[in-house]
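# one predicted model, sequence on top.
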Amino acid sequence: MAAAKVFGRAGAALVVLVALTSCGHKPAAKPPDGPSLPGLSVSAAPTDPSVGATAEAGDSSLTPGSPVPGHPGSTPTSGPASNQSSRPGSGPGQTSKPAGPGTPANACGAPPTGRAPDGRAQQRIVFPSPGAHQWPDTQVTMHACATSGLPVTYQFENGGRGGSCRVSDPVGTTYGSQGVPISCQVTATQAGNAAFAPAAPVTGTWAVNKMVITYGVLGSAEYLTYSAANPKATIQVRLTAIHDIPQVEMSTQATGACSPPNSMRVGGTGGRDIIVNVEITLTAQGDCDINVSVHVNQVIDVDPVIGASRHYTVKR
């Protein structure tokens with residue numbers, strides 16, 4: 001009985017002590033009932049299949065301070081909370097993912113707006129002109145593309161097998177000419193798929209012409225000096241082209257008091273601008289008229305075709 005009284009007094013004292021120490025203090029904040037929200041991804045569904053990418057999970061399109069849908073007063077975070085592990089495809093360093101099936105990335109400019117009558121997205125073809133080339137530049141690589149990102153095919157007039165368009169079998173999108181000259185109308189097409197309507201075809205021209213070589217006699221001298229001890233004189237002929245000049249035959253004719261070599265093989269050394277020394281034999285005093293020409297074959301044209309002429313007066 002005495003023990004019970006002692007215990008009762010001690011308990012009462014303990015209650016008074018707790019009441020005194022807790023006076024003036026607020027209750028501790030209640031811990032959260034669950035983990036904090038992970039980063040929220042909010043993106044509008046593409047309205048056009050030509051949109052090339054969608055937002056990745058973990059990339060929020062909300063601005064800081066805007067509420068998270070379904071959680072009034074909350075703000076989005078840049079990623080998962082510190083007590084949560086990152087999800088695959090989220091977090092720093094992630095970029096937009098490629099478009100899904102049926103929505104290839106736009107590779108050559110903005111697609112047309114609107115839709116085809118059947119509801120498919122529109123597309124268009126961009127086809128840089130293949131252009132005109134000179135032999136020996138007999139190959140061309142086509143560079144057309146569709147705004148849908150779908151592959152483009154090429155159609156040649158006469159199938160590339162007749163008329164002025166004769167094309168060798170292609171390797172990928174690279175084509176070669178069969179013979180020179182040729183001129184081909186080339187049409188780029190894209191037939192569409194389940195997501196994209198067919199594109200309007202685009203036509204360009206590819207031509208391969210003969211190599212043009214220009215030439216002429218250099219210098220402004222009007223006289224050639226004759227000496228019985230050394231009856232030789234040298235004139236210079238210049239040949240130019242936009243490609244390396246192959247080996248060609250150049251002929252020289254002369255009338256009057258001079259005689260040149262009948263023909264010479266020149267070029268073929270990798271130059272586009274070459275100078276040829278032509279040795280002339282002087283026979284007496286008087287007039288000397290020289291004409292130089294380059295022979296024309298199936299791959300070479302010359303300008304002027306009539307050759308290059310020069311008049312000299314031979315004197316001692």
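In hand now; what should we look at? Numbering: from 1, shown residues only.
# so where's the stretch 1-150 of the chain uncertain?
For the stretch 1-150 of the chain, the stretches flagged by pLDDT under 70 are 1-107.
# 50 - rerun?
Along the stretch 1-150 of the chain, the parts satisfying pLDDT under 50 run over 1-101.
# how about stretch 276-285: buried residues?
276, 278, 280, 282 (16 or more other Cβ atoms under 10 Å). Yep, even glycine has a C-beta here, placed from its N, CA and C like the rest.
# so what's the first one bridging to?
With DSSP bridges as the criterion, residue 276 is bridged to residue 237.
# do the same with the last one
With DSSP bridges as the criterion, the beta-bridge partners of residue 282 are residue 258.
# related to what we said a few turns ago, want to try CSV for the buried residues of stretch 276-285, with distance to residue 295 and pLDDT as columns?
Converted to CSV, the buried residues of stretch 276-285 look like this (distance: Cβ to Cβ, whole Å; pLDDT from 0 to 100):
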residue, distance to residue 295, pLDDT
276, 14, 95
278, 15, 94
280, 20, 92
282, 26, 94
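# out of the residues you listed, which is nearest to residue 231?
Using Cβ to Cβ, residue 282 comes nearest to residue 231 of these, at 4.8 Å.
# how close does that closest one get to residue 256?
10 Å (Cβ to Cβ, to the nearest Å).
# shared neighbours, these two?
288, 314 (Cβ atoms under 8 Å, 6 or more residues apart in numbering).
# export the buried residues of stretch 276-285 to JSON lines and tack on distance to residue 209?
As requested, the buried residues of stretch 276-285 are arranged in JSON lines below (distance: Cβ to Cβ, whole Å):
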{"residue": "276", "distance to residue 209": "24"}
{"residue": "278", "distance to residue 209": "28"}
{"residue": "280", "distance to residue 209": "34"}
{"residue": "282", "distance to residue 209": "40"}
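# outline the domain layout of the chain.
Here the domain parsing of the chain from automatic domain parsing is 125-209, 212-315.
# CSV please, covering the ones you listed and showing distance to residue 119.
Shown next, in CSV, are these (distance: least, Cβ to Cβ, whole Å):
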stretch, distance to residue 119
domain 125-209, 9
domain 212-315, 51
